[in-house]
Structures are given as C-alpha cells and as structure tokens.
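>>> Curious how this folds, go ahead:
(chains A and B, ligands or ions: 2)
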Amino acid sequence: MKKKTFWETCRPYVMIGPAMIGIFLFVIYPMLYLVYLSFFKYNLLNSAMSRYVGFENYIQIFNRPDFYKSLTNTVIYTGGVVVLTMLISLFFAVWLKKQTRLNYIIQAGIFTPHIISIVSVSLVWLWLMEPNLGFLNFALEKLGLPTSQWLQSSKTALFSIIIVSVWHGIGYYVLILVAALQGISPNIYEAAELDNTSRFRVFRRITLPLISPQMFFILIIMTIGSFKVFDTVRIMTGGGPNNATNTLVYYIYGFRTTNIGYAAATGVVLMVIIGILTFIYFRLMSKKVHYQ
Amino acid sequence: MASIEFVNVTKEFEKKDIIKDLNLTIKDGTFTVLVGPSGCGKTTLLRMIAGIGPQSSGAVLINGDDVTAVAPGKRGVAMVFQNYAIYPTMSVRENIEFGLKNNKVKKEERNQLVESISAAVGLTDYLDRKPSTLSGGQRQRVALARAMVKEPSVFLMDEPLSNLDAKLRAQMRLDLIELHKKLGTTFVYVTHDQVEAMSMADTIVLMNNGLIQQEAAPEEIYHEPNNLFVAQFIGTPPMNIGELGVDGVKFGFRPESAQTSDTPVDEYLSMEGEIATREMLGSETLYQMKYKDSAFMLKSNYAFYKVNQKIHIGVPEDKIYLFDSEGTRIRKDHERYSSYLEVLRGY
Ligand SMILES: Nc1ncnc2c1ncn2[C@@H]1O[C@H](COP(=O)(O)OP(=O)(O)OP(=O)(O)O)[C@@H](O)[C@H]1O
Ligand SMILES: [Mg+2]
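Ligands and ions are numbered 1, 2, ... in the order given. Coordinates of the predicted model:
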C-alpha cells in the first residue's frame, strides 16, 4: 500500500476545521464558560473582586424554594404543551391528510401563527385574555359560559400561557405529521381494508407505528423547547402572579444583574435536566419507534 | 367458492376511461389468468373485484350478488399486491395473522394456521423478522401467506411471482396449481409471463387498452387467436406477420409451423430467404430469415444453418392465419377466405 502523504492525512481535519472552529467558539466555549462562572460569586462592577466559591451556588439552588417553584412550573408547562400539541396536531394532521383545496387553505391558516413572532402573538393574546375588556371573556359571556381571570389569577395563568404556546406552535407540527401521513403507501391501507380491519385498529396498528419517528422527533424538540420557555412569560406575566408562571429560564433571567454566578449555576442545572430527559427518551423510544 | 361477473363496467381515472364497458364472467373455481401489456388495466380490474378501487359505473357481481356496497373486508376476497403492501411495522407472523385477529379467530387455530402456511411458503425461519430485513422474494412470500391464511373464496394475485428466482418461481407455480386444486377456490391471477399464463390457466383473459381481446383456454388462445393483437402477444417469439398485398389483409404463421430445408419445400406457402440471425436456445434454434422486405422468425430443431445461408421454408395451409385490415381474424367461413389464401400460392 502507498504511504499517505502529509496532505492526505491532514485533509479531513482541514475540511471540517472551519465548522469545528465555529462550534468551538459559539457552543463549546460558552458552555464551558457557563460552568466556570457557576463556581464564582461574580462581581459585575469589578471582576477582580469575583470570588471562587466552589459548589456554594449549587448548594444554594437546591435549598431555595423559589427554584423548586419555577422547576415545577416548567415541568407542568412542558407537560401541558407537549401533550396538547401532540394530540391536537395529530388530530389536525389526520383530518387534513387528504389533499383537497379546502384542506390546503385550512393548513395554511393553522400554519400562519408559526411565522408570526412569538412576541406579537403574546401581545395579541395578552389583549384577548384581558379579564374585563378582552375578547375571550366577552365571547364566553355571550355563550353563557363561565369567564376566567386568565393571566391575572395564579390558578389559571400558567394554563393560559400553555394555550398561547400551543396555538403558536401547532401549525409547524401539523405540517410535519401531514407529510409523514402522506408518505404512507395507500396500498398498505388497502391491504388493511381487505384484512377487515376496524378504523381504530388501522390507526393504532398501522398509522401510529408508521409515523412514530416523526412523533418522537416532535416529542424531543418540543420538550427541549418548552423547558427553555421565556418570551411568553417575559411579555405576558413577568413570572407572576405570585410566581405562578415563573419558569426556569425566566428565573435565571431574574438574576442576570444581581447574581451571575447563581444564574450560571441554574443554567448548568437546566442543561443537565434537558440532557437527562433526552437520554431517557432515546432509551425508551428506541424500542417503540419504528424506523424503516 | 364464488363466481365473479363484470356487467358493463367502466372505470375512469381523471375523466379518462381506462376500462370501458367491460363484460366478463369468471366461473366458480376456475384459475383465470389476466395478461396484457403494461398499463392495460389488469391491476385496475383486480382492484374492482376487491372493492378497493370501485368501478365508475356498471356492476361487479360475486356469486350473482352486486357487491358494490359490500366492504372489501367482507367480500371473502384476498389479494396479493403487485408491490406486496405488507405492514412494515409488524413482524412476519403479525403480518400473516393480522387478518385472522381482525376476524376474531381463536389463538390456537391462528397459531396452527400460521405454522402450516408459513411452512408451505418456506417462511418458518423468518416468522419473527421485520419485513425490512427480508429479501424481495421473501416479502412476496409473506404477501402470499397473508392472503392464503384467510382461506378466501376468491384469490386475487397481482404478479405474485415476479421477484422470485427461476427455480423458486417454478416451484411456487406448481405449489399454486396444487393449492388451487386443493382449495377449489376461484383464482384470478395477473402476470406478464406467458409461460406462467399458459401453464397455470384454465382460462386466459388477454387485455389491451382496457378492452378484452380474447378470453379462452390456453390452447385455443394460442392456436385460434381472435385477432392480430392476440396472435402477436402470445407466443415467444410471436406469430410472423406479412402483408398479403390485397385489401390490406395480413397473413401470419407461427415460427415453429414452418418447415426448413436446403431444397425447395412442397407446401402451401413456400419461399426462399436468407438467414440473418441465429440464436441457439438449447433443444431448438431460432433463426431470423430475410425475405424481400420482411423478416420472419423460424424455430427449428436443426441447429446448423449458418448466417447468410439461403434456405427454403414451407408452411402448410392449416397453419396459416389471415387477418383483415382492422386486425380481426378472417376465418374459414369468411366468403373471401379461399380467394385470399389463393394469393399466397405465388407469394
Ligand atoms: N390512481 C390512478 N390515477 C390515475 N390513473 C391511474 C391510476 N391507477 C391506474 N391508472 C392508469 O390506469 C391504467 C391501467 O393501470 P393498471 O395499474 O391497471 O395497469 P396494469 O395493467 O396493472 O399494468 P402493469 O402490468 O404495468 O402493472 C394506466 O394507464 C394507469 O396510468
Ligand atoms: Mg399492475
């Protein structure tokens, strides 16, 4: 065999070099720096006064009730958004699977919120959900249904935010699922028809397994995204009322000027939580998900 | 057991008639083979029987009853799809027993059926595999097993053996013939392979452009073709066709009907030509002979004519077919049959 020249040995590394530099600068380095910061009591005015405190920030995190409160909020929020989005987008996708003109229009309609900035969406909903003058309560009242305090009560605020997030994101996931459904060969459904399969069984034994890779993708993407929710909370409630909608990222944001070391430590905790969740998902789903 | 009947059936796709005013009766318990060029509507016909691509107008009758309103799963029909259509997420076993489960067949009976059928098609070792890990031929066998296990009264098969190797195909061909004998159910079988059609069919239905060209037993369709299309579709190589030069009439003879010789042959139609190509097939040899502007295929047991050699051929009178300008067969009882035939005398 011919001996590789110096250039041949280096070539792959040179090729991926630019991408690796980017990843290092913008992903790896900030992450390491975050971990580094989390071990300090950081002084913004004079970084020379910053003090290494070891794991003190972490100890503090796990002893503060407000951290647990925002963690709980985040988990509820994520659970709510993921479950609702999966169910509703699956429903719409099955409904819109047939490619008729009407369905195209409806699908475009459902997708539209997704292209609008979440900031505008939040502002519009903030206005709709206003308890006294808002449209939602007006409509509920006209229909003779009980009204709600929406964002202004600690009981309903988190759920209101979930509604807005689901409404905003659903079109995108419907799109993915519709594409997945249309990718299934019609012959398979015909074979099932000849096998005298009930509609429910067709859905459970054929449709669901065949779109499970896409469902899994949505699950992962949404869980990670929802754990990092920020904009909606920032604009609609500012974490209130009474911390009812304070989520992890918003919690971190609250310490951006007062205690950078503590904020960094919470960021690391968030990263670890998301990492663990993703890992668990992959372990669980590798058995259930069918990749062709 | 079931007979199938098409009554004035039309099928359109996107406003185009693919099948037009088709009338066809498939008798109970027969093995009917549908043949025809690609795109002629064979699959479409099968799908109408199964009910998964219903006719645009007309009626499909199974056992004399109009089944237009009967769901596919309740027609007692099983189908082997051209592209298998096996359930990709289920194991081979689950694929085979899916229909049985839907019909609430008991577990012991189910297992027994699956075992015996999978043994019959040679899938026993693959029962727990996923279809994506199987070869094309194995998948085809899964599709066959899935249809067989339901013990249907009508068996629809859309080129079920096309992906098997020659040996396995011959084997499965025999198995299917045997299966048909054993079950006595109605088989409707689509194929491109003439050998398959000839060897398996009770009745061959030859289609072109959605129209039935001829519906007859294999011998009849071979020896008594209704028209030019049938004559040229059936047989390998197909019938030789030449211009008679009168009224646009054509004559034809099969490659094996011609006697070949170095010396002039005393037969009704005789001519002298030059060998253009030679293909040795084993027991027989195929020659292409140039005569004037046309070329004729000859099938002979004699393997030693050489290319460019001059030879004489002769075709007996009863092996000559005549077709009119539309391609319809001119039979013996046609008033001008003998006068046309006379022209060939001095061809
Ligand atoms: N869903 C459809 N939409 C539009 N045209 C179709 C559809 N299905 C079939 N056709 C047309 O109908 C004609 C007959 O198709 P069919 O599948 O029955 O052919 P086939 O005889 O089975 O051919 P092959 O031997 O290639 O399988 C073709 O011209 C095809 O283009
Ligand atoms: Mg076909």
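
>>> residues in contact with the residue in the stretch 101-250 of chain B positioned nearest to ligand 2?
Of all residues in the stretch 101-250 of chain B, the one sitting closest to ligand 2 is B:D158 (5.7 Å; Cβ to the ion). Placement of C-beta: from N, CA and C, glycine included. Counting by Cβ atoms under 8 Å, 6 or more residues apart in numbering or on different chains, B:D158 makes contact with B:42-43, B:46, B:79-82, B:190.

>>> Tell me how far it lies from B:K42.
For B:D158, the distance to B:K42 (Cβ to Cβ, to the nearest Å) stands at 7 Å.

>>> same question, B:S3
B:S3 is 19 Å from B:K42, by Cβ to Cβ.

>>> okay, these two: which has more neighbours?
Taking other Cβ atoms under 10 Å in any protein chain shown, B:S3 and B:K42 do not tie; B:K42 has more neighbours (25 against 17).

>>> isn't that one right up against B:M207?
Yes. In this structure, B:K42 is within contact of B:M207 by Cβ atoms under 8 Å, at 6.3 Å.

>>> So B:R146 versus B:F98, what's the distance?
7 Å.

>>> Give me the common contacts of those two.
A:D195.

>>> Tell me how many other residues surround residue 101.
Looking at chain A here, since you left the chain open. 7.

>>> looking at chain B here, not the other one
16.

>>> Please name the nearest non-neighbouring residue to it.
Computed as Cβ to Cβ, 6 or more residues apart in numbering or on different chains, the closest residue to B:K101 that is not its neighbour in sequence is B:R110, at 7.2 Å.

>>> Can you report phi and psi for B:R331?
phi -90, psi 170 (degrees, to the nearest 10).

>>> Tell me if I'm right that it and B:L341 touch.
No. If you go by Cβ under 8 Å, B:R331 and B:L341 don't touch, sitting 11.7 Å apart.

>>> who has more neighbours, the two?
B:L341 (18 against 11).

>>> Pretty sure B:G73 sits against A:R199.
No. Contact status for B:G73 versus A:R199: not in contact, 11.4 Å apart, counting by Cβ under 8 Å.

>>> got any ranges where chain B has weak pLDDT?
Scanning chain B for pLDDT under 70 picks out B:1, B:347.

>>> Tell me the residues of it that contact ligand 2?
B:43, B:82 (Cβ under 5 Å from the ion).

>>> got the residue ranges for the helices in chain B?
Using DSSP state H, the helices of chain B run over B:42-50, B:92-102, B:107-120, B:136-148, B:166-183, B:194-200, B:218-223, B:228-233, B:337-345.

>>> out of those, nearest to A:I218?
Ranking these by distance to A:I218, with Cβ to Cβ as the measure, places helix B:92-102 first at 26.0 Å.

>>> Tell me which residues are up against the closest one.
With Cβ under 8 Å, 6+ apart as the contact definition, helix B:92-102 has outside contacts at A:192, A:194-198, A:201, A:205, B:73, B:78, B:86-87, B:90, B:110, B:113-114, B:117-118, B:123, B:126-131, B:134, B:142, B:145-146, B:149-150.

>>> Check stretch A:170-187 too.
Counting by Cβ under 8 Å, 6+ apart, A:85-86, A:88-90, A:92-94, A:96-97, A:99, A:107, A:110-114, A:206-207, A:210-211, A:213-215, A:217-218, A:222, B:81, B:83, B:85 sit against stretch A:170-187.

>>> for the record, mean pLDDT for it?
Average pLDDT, stretch A:170-187: 92.

>>> now swap in stretch A:119-127 and tell me
Stretch A:119-127 comes out at a mean pLDDT of 90.

>>> May I see the buried residues of it?
A:121-122, A:125-126 (16 or more other Cβ atoms under 10 Å in any protein chain shown).

>>> mind checking which helix or strand the closest residue to A:L123 other than its chain neighbours is in?
Counting by Cβ to Cβ, 6+ apart, A:L123 lies nearest to A:I235, which is 6.4 Å off, once chain neighbours are set aside. Assigned by DSSP states H and E, A:I235 falls within helix A:231-236.

>>> got a list of contacts for that helix?
Contact partners of helix A:231-236, identified using Cβ under 8 Å, 6+ apart, comprise A:118-119, A:122-123, A:125-126, A:151, A:160-161, A:164-165, A:239, A:245-247, A:249-250, A:253.

>>> Give me the common contacts of B:D158 and B:K42.
The contact lists of B:D158 and B:K42 share B:V190, where a contact means Cβ under 8 Å, 6+ apart.

>>> ok, now how distant is the closest residue to B:L211 other than its chain neighbours from ligand 2?
Excluding the flanking residues, the one nearest B:L211 by Cβ to Cβ, 6+ apart is B:K20, at 6.9 Å. Distance from B:K20 to ligand 2, counting by Cβ to the ion, to the nearest Å: 18 Å.

>>> and B:K20, what does it touch?
B:10, B:210-211 are the contacts of B:K20 under Cβ under 8 Å, 6+ apart.

>>> Repeat that for B:G245.
Counted by Cβ under 8 Å, 6+ apart, B:G245 has contacts B:V343.

>>> Kindly report the same for B:I320.
B:I320 neighbours (Cβ under 8 Å, 6+ apart): B:251-253, B:268-269, B:341, B:344.
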